[in-house]
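# sequence and predicted structure are below.
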Amino acid sequence: MKWSLNLGRVAGIKILVHWTFLILIGWIVFSEMQRGSDLAATLLSVAFVVTIFLCVVLHELGHALTAKRYGVSTKMITLLPIGGVASLERIPENPKQELMIAIAGPAVNVVIALALWLILPPLRELPDEAFFSRITPANFLYLLFFVNMMLVLFNAIPAFPMDGGRVLRALLAFKLGRVRATQIAANMGQMLAIFFMFIGFFYNPFLILIGIFVFFGAWSENMVVQHLDFLRGHLVREGMMTNFVTL
């Protein structure tokens, strides 16, 4: 992806950070300045976001390394302000393989959350709104636990391009075939996206952005699968012009 910073390679996979990630960091610094936070609090907030995206990288590596077991390579993992994208060479058409690749990412977040839950002392009382409003050394790891749980729940949404949409398609494909399963999963994803956009108008504009992302992600996935199925078994020469008239 253009305008991305190469952070190195993990298991032969390039880890890139898109330049728009700097906008997110800048927004965090600006928000902390508006709240009157000192330098230490600002740096802690930035460190928290960087730690979250480290969890996102591990999530995407879960997909990539599982795909590698099935002979599918991953060129790169790109970090964007809205999350990470693993550029898999292809998505296996075998439902079992797609299912395993799809659940591998959220499974990593479950392992991270479980590890944090085991090492952190239990909270004496339910956290209130103030607990989540400001990041401190005392609640840093607790908030990281909650974020990983939210990543699991968010990716469980049965809509493309989230992992839940691929899990749903894989499960449906066992009985209905890949094309029909994709149509059903994509339609459910688009209906959910419209719901997100509707709720976003009244509560949180960020849901509108998520809704648009989900809607077009589901639409494009459905179109790609239908076109590939239509072209299956045909040769390129069947669509070529072979009779030419010279003027």
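Yes, it's here.
# my guess is residue 104 contacts residue 69. True?
No: counting by CB atoms under 8 Å, residue 104 stays clear of residue 69, with 9.4 Å between them. In short, each C-beta sits where N, CA and C put it, glycine included.
# more neighbours: which of those two?
residue 104 (20 against 11; other CB atoms under 10 Å).
# just checking, that one is part of a strand?
No: applying DSSP: H, G, I helix; E, B strand; the rest coil, one finds residue 104 to be helix, outside a strand.
# contacts only, for it.
Shown in contact with residue 104 (CB atoms under 8 Å, 6 or more residues apart in numbering): 62-63, 65-66.
# please compute how far the longest helix anywhere in the chain lies from its chain's middle.
Assignment by DSSP state H gives helix 39-69 as the longest helix of the chain. Centroid separation between helix 39-69 and its chain, computed with CA atoms, centre = their mean, to the nearest Å, is 12 Å.
# name the helices or strands packed onto that helix?
Applying 3 or more CB pairs under 8 Å, 6 or more residues apart in numbering; DSSP states H and E, we find helix 39-69 packed against strand 13-18, helix 21-34, strand 74-80, strand 83-88, helix 95-119, helix 140-155.
# buried residues in the helix or strand just after the longest one, which are they?
Okay, so that is helix 95-119. Later in the chain than helix 95-119, the nearest helix or strand by DSSP states H and E is helix 129-133. Across helix 129-133, burial judged by 16 or more other CB atoms under 10 Å covers residue 131.
# packing partners for helix 129-133?
Counting by 3+ CB pairs under 8 Å, 6+ apart, helix 129-133 packs on helix 140-155.
# report the buried residues of the helix it packs on.
142-145, 147-149, 151-152, 155.
# cool, stretch 25-36 as well?
Applying 16+ other CB under 10 Å to stretch 25-36 flags residue 32 as buried.
# low-confidence ranges, this protein, go.
1-3, 82, 225, 227-234, 236, 238-239 (pLDDT under 70).
# coming back round to it: out of the helices and strands packed on helix 39-69, which comes closest to residue 47?
With CB to CB, the closest approach to residue 47 among the helices and strands packed on helix 39-69 belongs to helix 140-155: 8.2 Å.
# just give me how far the closest one sits from the chain centre.
14 Å.
# make residue 1 into 591 and carry on from there
With the count now opening at 591, the last piece we talked about shows up as helix 730-745.
# specify the local secondary structure of residue 833.
On the basis of three-state DSSP, residue 833 is classed as coil.
# list the contacts of it.
Counting by CB under 8 Å, 6+ apart, residue 833 has no contacts.
# next one: phi and psi at it?
The phi/psi pair for residue 833 (degrees, to the nearest 10) reads phi -100, psi 120.
# check the gap between the residue nearest to residue 733 when sequence neighbours are not counted and residue 679 for me.
Take residue 733 and drop its neighbours on the chain: the residue closest to it by CB to CB, 6 or more residues apart in numbering is residue 725, 6.3 Å away. Distance, residue 725 to residue 679, using CB to CB, to the nearest Å: 38 Å.
# sounds good, over and out.
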